[in-house]
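Engineer: Fold the following, please.
(one chain, ligands or ions: 2)
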Amino acid sequence: MKNKPILAVVIPCFNEEQVLPETFLKLSKKIHEIIKSQKISSKSFLCFVDDGSSDETWTLIDKFHKQDPSLTKGLKLTINKGHQYALLAGLEVVQDKCDISISIDADLQDDIEVMEGFIDCYLAGNEIVYGVRHKREQDTILKKTTAHLFYRLMLLFGVKIVYNHADYRLASSNVLASLKEYKEVNLFLRGIFPTIGYKSTTIEYDRLKRFAGQSKYPFKTMLAFAIEGITSFSVTPLRMVTLIGLVSFLISSGLTIWAIWQKITHNVTPGWSSIIVSIYLLGAVQLLCIGLIGEYIGKIFSEVKAKPRYFIEKFLL
Ligand code: UDP
Ligand code: MG
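Structural biologist: Numbers count the residues shown, from 1 in each chain. Ligands and ions are numbered 1, 2, ... in the order given. From the prediction side, this is the model:
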């Protein structure tokens, strides 16, 4: 019989001292339950990634590790790099130490009860299982609306993502090995996984309330994340050109209508309307196009720079 797969649960944590003890308890209980059900190997483990926290997060991770080094592993990034990079660091490190990974937030908002379902889907031959948020009753209206808009916009822009899927997902080590080949600096994991391929499926779950502490994704961060997802880049000055182009396009559209109206209602000098309309409109369209080209140049710029994406300060493996 094939060996039971080793599961690694990857948990990015940023200033999560308030939730971590509970998260650790619940996750270790869950992992033991699944081990008991004979679906995964007893070598399965948790991997906490401290994303440059300034509170006691790392002290806690260190404590958990000391309690049971084979159950709990930890990584500490040197500086806060954001959820996506912390997750990537965790996934890259566990890739050759496990057969399957499940990524989950530290705040227990993603229902851990469906984890076993993830494993069942894997055992049924899926290499990626996406957790899809079914209900968002616990989220604020702002979060619900912006999240909805975000997914709609992404789909509209042709970014291949799974609707209402955040980063709660199972990925096999094969998938993680492929993920390592993506060298992009502007990281948007939700956009990458669906392009990796392999057999995949989705599982629905209800999004729960944050167990304790504050969301690390205020509106501003979410907006930035959305822009990152669409262009997978943000070179602000270049984007401003687009914005100026857009605003001047709107204004010049109004002025165009006004100029035509003048021609109809007043006796304006012949040629005035056509000249003024073309100056306004063409100027705005040109600016808009320059902005658009700028967006792509921005992308080339950052890919060419190929900055290292993270540095791990400590390993507890
Ligand atoms: N997180 C992180 N680095 C950051 C911000 C967040 O590792 O810079 C982690 C955080 O600890 C949590 C997960 O990402 O485990 C999701 O963050 P949060 O719950 O604050 O986001 P929300 O659920 O409100 O979208
Ligand atoms: Mg959360």
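Engineer: for ligand 2, what are the nearby residues on this protein?
Structural biologist: Residues of the chain found near ligand 2 (CB under 5 Å from the ion) are D105, D107, Q109. In this view, the C-beta of every residue, glycine as well, is placed from N, C-alpha and C.
Engineer: By neighbours, which of those wins?
Structural biologist: Neighbour tally across those (other CB atoms under 10 Å): the maximum, 23 neighbours, falls on D107.
Engineer: Verify the contact between it and E22 for me.
Structural biologist: No - the pair D107 / E22 is not scored as a contact, 9.5 Å apart, by CB atoms under 8 Å.
Engineer: what touches both of those two?
Structural biologist: F211, A212 (CB atoms under 8 Å, 6 or more residues apart in numbering).
Engineer: quick one: the helices in this structure?
Structural biologist: Along the chain, the segments classed as helices by DSSP state H run 20-36, 57-67, 83-94, 115-123, 141-156, 173-180, 189-196, 219-231, 236-265, 272-305.
Engineer: With mean pLDDT, mean neighbour count and distance to S42 as extra columns, can I get the ones you listed in TSV?
Structural biologist: As requested, those are exported to TSV (pLDDT from 0 to 100; neighbours: other CB atoms under 10 Å; distance: least, CB to CB, whole Å):
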stretch	mean pLDDT	mean neighbour count	distance to S42
helix 20-36	94	17	5
helix 57-67	95	19	17
helix 83-94	95	23	17
helix 115-123	94	20	14
helix 141-156	77	14	38
helix 173-180	90	18	18
helix 189-196	86	18	28
helix 219-231	70	15	37
helix 236-265	81	15	50
helix 272-305	80	15	42
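Engineer: Take the residues of the chain next to ligand 2 and write them to TSV, including distance to A89 and pLDDT.
Structural biologist: Formatted as TSV, these follow (distance: CB to CB, whole Å; pLDDT from 0 to 100):
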residue	distance to A89	pLDDT
D105	15	93
D107	19	90
Q109	21	87
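Engineer: Out of the residues you listed, which sit inside strands?
Structural biologist: Using DSSP state E, the subset of the residues of the chain next to ligand 2 located in strands is empty.
Engineer: and ligand 1, which of those residues reach it?
Structural biologist: Contacts with ligand 1 within the residues of the chain next to ligand 2, counted by CB under 6 Å from any ligand atom: D105, D107, Q109.
Engineer: Run a quick check on the first one versus G131, I expect a contact.
Structural biologist: No - under the contact definition of CB under 8 Å, D105 does not touch G131, with a separation of 10.5 Å.
Engineer: Show me the common contact partners of those two, please.
Structural biologist: A166, Y168.
Engineer: show me the contacts for the one residue in the stretch 151-300 of the chain that gets nearest to ligand 2.
Structural biologist: Distances between the stretch 151-300 of the chain and ligand 2 by CB to the ion are smallest at R210, namely 5.1 Å. Each residue near R210 by CB under 8 Å, 6+ apart is listed here: V19, D107, L108, Q109, Q138.
Engineer: Now distance to L187 too, for those, in a markdown table please.
Structural biologist: Shown next, in a markdown table, are the contacts of R210 (distance: CB to CB, whole Å):
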| residue | distance to L187 |
| --- | --- |
| V19 | 24 |
| D107 | 21 |
| L108 | 24 |
| Q109 | 21 |
| Q138 | 27 |
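Engineer: out of those, what pair is the most spread apart?
Structural biologist: Largest separation among those by CB to CB: V19 and Q138, giving 14.8 Å.
Engineer: Which one's more surrounded, these two?
Structural biologist: Each of V19 and Q138 has its neighbours counted (other CB under 10 Å); V19 has more, 22 against 13.
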